[in-house]
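Chemist: Sequence and predicted structure below; questions after.
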Amino acid sequence: MDTAVRKPVCPATQGFVKNAWYVVAFSHEVGSGGVLRRQCCEEDLALFRTKSGDTVALYDRCPHRGVPLSQGHVEGDALRCAYHGLEFGKDGRCLRIPTQPLIPDEMCVRSYPLVERSPFIWLWPGDAAKADPTLLPDHHRLGLGRDGWSAEPYFMLEIHSNYSMLFENLLDTSHISFLHGRAIDSGRMATADFRTEHDGSVMRLIRTLKGDMPNENNAKQYCLEMGVPFDRELTSEAQLPNLHVIRNQFTFPSRPKHAEHVRINVMPITPANSRLHYHFLTMTSSYEEEHPQSLKDAMETVLTQDKVVLEAIQGLYDRHGPDLPEVSVKADGAAMRARRVIAEMVEDERRAG
Amino acid sequence: MDTAVRKPVCPATQGFVKNAWYVVAFSHEVGSGGVLRRQCCEEDLALFRTKSGDTVALYDRCPHRGVPLSQGHVEGDALRCAYHGLEFGKDGRCLRIPTQPLIPDEMCVRSYPLVERSPFIWLWPGDAAKADPTLLPDHHRLGLGRDGWSAEPYFMLEIHSNYSMLFENLLDTSHISFLHGRAIDSGRMATADFRTEHDGSVMRLIRTLKGDMPNENNAKQYCLEMGVPFDRELTSEAQLPNLHVIRNQFTFPSRPKHAEHVRINVMPITPANSRLHYHFLTMTSSYEEEHPQSLKDAMETVLTQDKVVLEAIQGLYDRHGPDLPEVSVKADGAAMRARRVIAEMVEDERRAG
Amino acid sequence: MDTAVRKPVCPATQGFVKNAWYVVAFSHEVGSGGVLRRQCCEEDLALFRTKSGDTVALYDRCPHRGVPLSQGHVEGDALRCAYHGLEFGKDGRCLRIPTQPLIPDEMCVRSYPLVERSPFIWLWPGDAAKADPTLLPDHHRLGLGRDGWSAEPYFMLEIHSNYSMLFENLLDTSHISFLHGRAIDSGRMATADFRTEHDGSVMRLIRTLKGDMPNENNAKQYCLEMGVPFDRELTSEAQLPNLHVIRNQFTFPSRPKHAEHVRINVMPITPANSRLHYHFLTMTSSYEEEHPQSLKDAMETVLTQDKVVLEAIQGLYDRHGPDLPEVSVKADGAAMRARRVIAEMVEDERRAG
């Protein structure tokens, strides 16, 4: 891809794959009593935790008079509608109509397959018969629940753009040196050697940087020692259509006994609808973070910078239509592949009906 | 209606009856000098009071260059446009063009039939030839201007939903026990016995509650004595298409000499347009209110709770279209009748041309 | 035009002439380092000043991934995109792609013809081959850069209406006596004698007022002496499609030696798009202003009053469509001519293709 190419599909109007698991919330967001309103692939959701501790996702509209159930309250193991007090259980069946004993069969609401695997709640917005928990990602590989590793579910950012643009952003790590200033690199990442790999719905861009030096920012964020040179391997891996993983590995050639550092950014990406997505972030590391608040602040800045550019790109497509031209460069290869694979996955699902 | 039924018409997209009287303001809102901007059945209105004390409603657009007359000023008995100083009298004719003596006949604006009957200003948005003051409601029956009764025009709430949804809300008094917590009942209203009555464009749902006890909230709001049991008859009456009346009658079997209490909520309902309506509220009572501020605060909370659910229902219809299903129960009977009657009244007016 | 007439074209939906110079910024707004975002005739612009001091306007979208270049930074003589660090020079050619040495020809962005003539930056949004600097207005005639004259670029107001409505507003100076109260006249301007002149795309309305007396407001704003009568000639001149000039000349018959006062409001008018325009204002005067802050405050009030009515008129057209009727009077003659001439200029340009 040395020469400029035109874009095959518009990144601002990609569809979504409904038969897949998506993170709709952190476990700690679904507390006792409250009801959380979210959206996933255009499905409106009311999320709550029963008294028994189960998390439940119901379609967010009471079948009686159409009030969002997310305006209601949890009563024991049921969700009670705010308007007339009808109660719905975890399977979506109505358990109580205050004004009459008879409960018509039609008085029920869709309930979605859910798997809670801390710190995430995964939901299947498509055909419930196809919801297969073995399709969930391997938590161990992500550094979650692993001895000697630390993990913290940092935050979720709402980004008002098509979700596919975030995968493209994360697969193109040259932007780190510009958009994010020197917050997470020394300014040399854009020109580092890189190679790409792909296997079906997984694609990787790997950048290697030899003999780099920490600056004040990334020393704090990756627990590096000022003055000690390091080699860094940054692997950015899209697991389409629902997860992105960035793995940073630091080694220190001048100090052979120094343990290698690994930090993994676990980033579930969830389309709320075609113009809004949720960007979840949990970080796991092979060491104890020394400056967790500083790290959190830096990542919030970094993700907000991404949000600003993605929303600006989306805004121009929304005003001018999907045919706006693009000129691509060699470093866009992995992102362009992700774009095509998403379009194919959506088309495959559409054809399968 | 023991079995579930589908809705015959969509409550979020009902039309309105233009040949009817609607409250567009409280008398005290139309003061000296200022001009009030309102809407009624999609007619933009500029409301003002002349120096002689008459209230006037003109179409809110200067025929010269199209500036809203509600941005102008009252000059004696005329309304002066803010832009070029043209003046219009109560019949809508232009009385002055500052730059020339000649006033073309076309320089006039529509004036609407108005009747001010304290505390309300009623307007007829339809065919002026049909504006018949005998169609106005009987104020005595509403407790207005009645010896020994107190009355206060409380407030107006703008609700961003179709107006028909408020009639349905008010005809279905089971929601009192849920949406309004225990602010205006003991929690028993939803399960109280009820009957319905109807006569043309009037329909009533009457709930009777025997031997109920006051709680801290409703004791204040209805001047009940703590510890003294009461019987309560709650009559919710829709007078389509423009007024809802709720009559509460309290009697005290254990204290035969105790006077009965009657409180009437007079609630003119005015469609501004198909997605916005005004909910006026005046309360009249057969006794002196002891806690008027507390009552006012409670009612504002109650009406705001209604506003929140109605706007949420409207929002889902706006996003998903009018075909969203509904499952009705027995207690919805009166509301469903109101829905059909409104649709018929609108259709009758449309056919009559 | 003594009788009422219907409008030939809708003032709220006029098109714009792209082959013309428009002021897009004051010189002082385009500083060192920052990038200014503006729009002109629907062209999105990123305006910046190079290290060498040149002002540049590029199309506000990076050809690589579509981020607005106005979110970027100035680097020497280039504009660097915020996202991946691509740099573009004043002719719009890409000068640097950080991840590769090869720069494809397609990696370029449109650059617009610009002329900076203090205090204004003029831009040509149409066909660059037709951008002729001799078409720029004569600054001397506007009082700019003239010995003994003072000049100050006051401010720019964004008005959310079609730009043609501002030309009509300014050509109809009778509104001064009403919309602007007595801020800039004694209240007699609306009834002053007037005549109109026109010559192609230039039209003038001239009002003459004999023996008027200053009031507290206009004494300050025009440096008049309280108690000294004056004659005033107010010439309002539209130079379609991009400039309006108001020339005020005061003479003092009772004091023959008193120098005449001339003040010129130089008001470039720039359509951002069909529903937003920029109203620039610079004032030049044949004397030293004594109360510059008071003058600035008064003009800001006056322009904001214009903004409010123009946006209200636009709002009603947007809601009700372009066919809303209008009834015109004799004083509207010049404005109606301007309306027709704008429509003809747009149509001529469209035909010329």
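Modeler: Happy to help now that I have it. Computed from a prediction, not measured in an experiment: that's the story for all the values here.

Chemist: distance of residue A:184 from residue B:90?
Modeler: Taking CB to CB, to the nearest Å as the measure, residue A:184 falls 71 Å from residue B:90. Every residue, glycine included, has its C-beta placed from N, CA and C.

Chemist: What's the mean pLDDT across the helix or strand residue A:342 falls within?
Modeler: Following DSSP states H and E, one finds residue A:342 within helix A:333-352. Averaging pLDDT along helix A:333-352 yields 96.

Chemist: So the helix or strand that contains residue A:316, near chain C or not?
Modeler: Element membership for residue A:316 (DSSP H and E) is helix A:292-320. Yes: applying CB under 8 Å from any CB of the partner chain, one finds that helix A:292-320 is in contact with chain C at A:308, A:309, A:312, A:313, A:316, A:317.

Chemist: Out of the residues you listed, which is nearest to residue A:248?
Modeler: Using CB to CB, residue A:309 is the member of the residues of helix A:292-320 next to chain C that sits closest to residue A:248, with 21.9 Å.

Chemist: Tell me how many other residues crowd that closest one.
Modeler: Using other CB atoms under 10 Å in any protein chain shown, residue A:309 is surrounded by 24 other residues.

Chemist: And residue A:76, by the same measure?
Modeler: By the measure other CB under 10 Å, the count of residues near residue A:76 is 12.

Chemist: does any part of stretch A:85-105 sit near chain B?
Modeler: Yes: judged by CB under 8 Å from any CB, stretch A:85-105 and chain B are in contact via A:85, A:97, A:98, A:99, A:100, A:102, A:104, A:105.

Chemist: got the contact list for the first one?
Modeler: So the one you mean is residue A:85. Residues in contact with residue A:85, defined by CB atoms under 8 Å, 6 or more residues apart in numbering or on different chains, are A:96, A:98, B:174, B:175, B:177, B:178, B:190.

Chemist: likewise the fourth one?
Modeler: With contact taken as CB under 8 Å, 6+ apart, residue A:99 is in contact with A:84, B:174, B:190, B:191, B:329, B:330, B:331.

Chemist: among those, which are in reach of chain C?
Modeler: Within the contacts of residue A:99, nothing lies near chain C by CB under 8 Å from any CB.

Chemist: are any of those residues buried, and which?
Modeler: For the contacts of residue A:99, burial is judged from neighbour counts taken by 16 or more other CB atoms under 10 Å in any protein chain shown, and it is met by A:84, B:174, B:190, B:329, B:331.

Chemist: State the distance from the closest residue to the last one other than its chain neighbours to residue A:298.
Modeler: Of all residues not flanking residue B:331 in the chain, residue A:99 sits nearest, at 4.1 Å (CB to CB, 6 or more residues apart in numbering or on different chains). For residue A:99, the distance to residue A:298 equals 55 Å [CB to CB].

Chemist: what's the neighbour count on the closest residue to residue A:71 other than its chain neighbours?
Modeler: Leaving out its chain neighbours, the residue that sits closest to residue A:71 by CB to CB, 6+ apart is residue A:82, at 4.4 Å. Neighbour count of residue A:82, defined by other CB under 10 Å: 22.

Chemist: just residue A:193 next, same as before
Modeler: Residue A:193: 9 neighbours (other CB under 10 Å).

Chemist: now the one 4 residues further on
Modeler: Using other CB under 10 Å, residue A:197 has 12 neighbouring residues.

Chemist: mind checking the SS state of it?
Modeler: State at residue A:197, reduced to three classes by DSSP: H, G, I helix; E, B strand; the rest coil: strand.

Chemist: Is it bridged to anything, and to what?
Modeler: Note on residue A:197: beta-bridge partners by DSSP bridges are residue A:204.

Chemist: Could you check how far it is from chain C?
Modeler: According to CB to the nearest CB, to the nearest Å, residue A:197 and chain C sit 18 Å apart.

Chemist: cool, residue A:91 as well?
Modeler: Residue A:91 sits 45 Å away from chain C, going by CB to the nearest CB.

Chemist: do residue A:201 as well
Modeler: Using CB to the nearest CB, residue A:201 is found at 23 Å from chain C.

Chemist: contacting residues for the closest residue to that residue other than its chain neighbours?
Modeler: Sequence neighbours aside, residue A:240 is the residue nearest to residue A:201 in space, at 4.2 Å (criterion: CB to CB, 6+ apart). The contact partners of residue A:240, taken as CB under 8 Å, 6+ apart, are A:167, A:201, A:202, A:203, A:338, A:341, A:342, A:345.

Chemist: Close to chain B: what parts of chain A are there?
Modeler: A:44, A:61, A:63-68, A:71, A:80-85, A:97-100, A:102, A:104-107.

Chemist: go again using 7 Å as the cut-off
Modeler: A:61, A:63-68, A:71, A:82-85, A:97-100, A:102, A:104, A:106-107 (CB under 7 Å from any CB of the partner chain).

Chemist: With only the CA atoms kept, save the one helix or strand residue A:37 maps to in PDB.
Modeler: In this structure, residue A:37 sits in strand A:36-40 according to DSSP H and E. Provided in PDB are the C-alpha atoms of strand A:36-40 (Å, rounded to 0.1, in the frame of the first residue of the first chain):
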ATOM      1  CA  LEU A  36     -28.500   1.500  34.700                       C
ATOM      2  CA  ARG A  37     -29.600   2.700  31.300                       C
ATOM      3  CA  ARG A  38     -27.300   1.600  28.400                       C
ATOM      4  CA  GLN A  39     -27.600   0.800  24.700                       C
ATOM      5  CA  CYS A  40     -26.000  -2.000  22.700                       C
END
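
Chemist: Return the angle between stretch directions for whichever helix or strand comes after it and strand A:36-40.
Modeler: Following strand A:36-40 in sequence order, the next helix or strand is strand A:43-49 (DSSP H and E). Orientation check (axes from the mean of the first three to the mean of the last three CA atoms, to 10 degrees): strand A:43-49 against strand A:36-40 gives 140 degrees.

Chemist: so the following helix or strand past strand A:43-49 versus strand A:43-49, what angle?
Modeler: Proceeding C-terminally, strand A:43-49 gives way to strand A:55-59 as the next helix or strand, assigned by DSSP H and E. Orientation check (the same axes, to 10 degrees): strand A:55-59 against strand A:43-49 gives 150 degrees.

Chemist: Next one: residue A:237 from residue A:130, what distance?
Modeler: From residue A:237 to residue A:130 the distance is 24 Å (CB to CB).

Chemist: Those two: which has the busier surroundings?
Modeler: residue A:237 (19 against 12).

Chemist: list the contacts for that one?
Modeler: A:202, A:204, A:244, A:245 (CB atoms under 7 Å, 6 or more residues apart in numbering or on different chains).
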